[in-house]
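>>> sharing a model that was predicted from the sequence below.
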Amino acid sequence: MAKEQKVIDYDKIAELESFKKLTKKKNKFLWTVAVIFFTVYMLLPVLTSYTNLLHQKAIGEITWVWLYSAGLFIMVWGLAHFYVSKATGFDKDAADVISEYEGGARK
């Protein structure tokens with residue numbers, strides 16, 4: 001015997017106020033992180049090509065370009081870790097939306 005599959009009304013889910021709040025919260029977070037990443041990332045070629053700011057020696061013979069570049073790796077790892085921690089909260093909110101759609105109250 002074949003299992004009966006649930007039909008999901010995605011339009012109804014999209015109309016839920018809790019879904020709209022989750023979407024708005026998640027988009028705000030993602031756009032903020034994306035703008036921060038892109039800005040910091042694109043500053044490297046701009047600062048190295050059009051200024052001498054990062055070409056100054058920072059520690060011995062190491063220039064600020066090297067430190068800035070290393071900082072980009074740290075930033076990427078940090079943003080990834082931050083996203084994973086925020087995604088856990090988004091998953092809980094999404095479970096609440098599904099529960100609301102199914103008519104149950106999740107606590």
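Looks like it came in fine.

>>> what is the mean pLDDT for the helix or strand containing Phe73?
Assigned by DSSP states H and E, Phe73 belongs to helix 64-102. Helix 64-102 carries an average pLDDT of 94.

>>> what about the residue nearest to Ile36 when sequence neighbours are not counted, distance to Lys25?
Excluding the flanking residues, the one nearest Ile36 by Cβ to Cβ, 6 or more residues apart in numbering is Leu79, at 7.6 Å. Heads up, the C-betas are built off the backbone N, CA and C, glycines and all. To Lys25, Leu79 is 17 Å away according to Cβ to Cβ, to the nearest Å.

>>> could you check how many residues crowd around the residue nearest to Ile36?
When neighbours are defined as other Cβ atoms under 10 Å, Leu79 has 15 of them.

>>> which residues touch the residue nearest the centre of the chain?
By Cα atoms, centre = their mean, the chain has its centre lying nearest to Leu30, at 4.0 Å. Leu30 makes no contacts at all, as judged by Cβ atoms under 8 Å, 6 or more residues apart in numbering.

>>> for the host helix or strand of it, give the mean pLDDT please.
Leu30 is part of helix 17-50, with elements assigned from DSSP H and E. Helix 17-50 carries an average pLDDT of 95.

>>> done for today, thanks.
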